[in-house]
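**Student:** Please work out how this folds:
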Amino acid sequence: MKKTDYAYIAGLFDGEGCIHISKRKSGYYQLRIVVSNTNEMIIRWLGFAFTGCVWGKKPKGNRRASWTWGVSDRKAEAFLKLIHPYLILKKPEAELAFKFMQTKVPQNSGGKIPPQTVLQEAQRVLMQALKK
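**Tutor:** Below is the predicted model:
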């Protein structure tokens, strides 16, 4: 891809994307990014270019059908690194996501609560605060 492609994707992501740090029921923390749009072609293009999952929602009431592309953890980090130089609105969230990924430990840590858990919870709360 060309730099202009990454700049276009960053603009799309600034407007239509979302960065989440979520805590799963198992206590495992996950970085997840999604982009939603009513243009199926754009979302399928992201799915083709960066892998991940693509799913759709049927129209409901006066809402049009929408499509979502998403990836998590290392794939999300790799995607954000590609578009980071071009981000404007979501740049602070992306930088927090990078710090979060530095604290990641394998999900199968023998049932022990890793010391990073407290830091990951703080990062999750900070990510929510950045959205306000």
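**Student:** so A97 touches C18, yeah?
**Tutor:** No - A97 is beyond contact range of C18, at 11.3 Å (criterion: CB atoms under 8 Å). Bear in mind the C-beta positions are built from the backbone N, C-alpha and C, glycine included.
**Student:** okay, and the common contacts of the two?
**Tutor:** By CB atoms under 8 Å, 6 or more residues apart in numbering, A97 and C18 have these common neighbours: I33.
**Student:** which of those two has more neighbours?
**Tutor:** A count of neighbours by other CB atoms under 10 Å puts A97 above the other of A97 and C18, at 23 against 15.
**Student:** and the more buried one, what does it touch?
**Tutor:** By CB under 8 Å, 6+ apart, the contact list for A97 reads I19, I21, L31, I33, A76, E77, L80, M127.
**Student:** can you do 6 Å?
**Tutor:** Going by CB atoms under 6 Å, 6 or more residues apart in numbering, A97 touches I19, L31, L80.
**Student:** Redo those residues as TSV? Include neighbour count.
**Tutor:** Below are those laid out as TSV (neighbours: other CB atoms under 10 Å):
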residue	neighbour count
I19	21
L31	26
L80	25
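**Student:** would you list the residues you listed in TSV and tack on secondary structure and pLDDT?
**Tutor:** TSV is the format used below for those (DSSP: H, G, I helix; E, B strand; the rest coil; pLDDT from 0 to 100):
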residue	secondary structure	pLDDT
I19	strand	96
L31	strand	94
L80	helix	97
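**Student:** any chance of the residues you listed in TSV, plus distance to K131?
**Tutor:** Rendered in TSV, the data for these read as follows (distance: CB to CB, whole Å):
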residue	distance to K131
I19	9
L31	15
L80	16
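**Student:** Point to the helix or strand of the protein where mean pLDDT is at its lowest.
**Tutor:** None of the helices or strands of the chain scores lower by mean pLDDT, DSSP states H and E than helix 116-130, at a mean of 79.
**Student:** List the contacts of that helix.
**Tutor:** I21, Y29, P92, E93, L96, F100, T103, V105.
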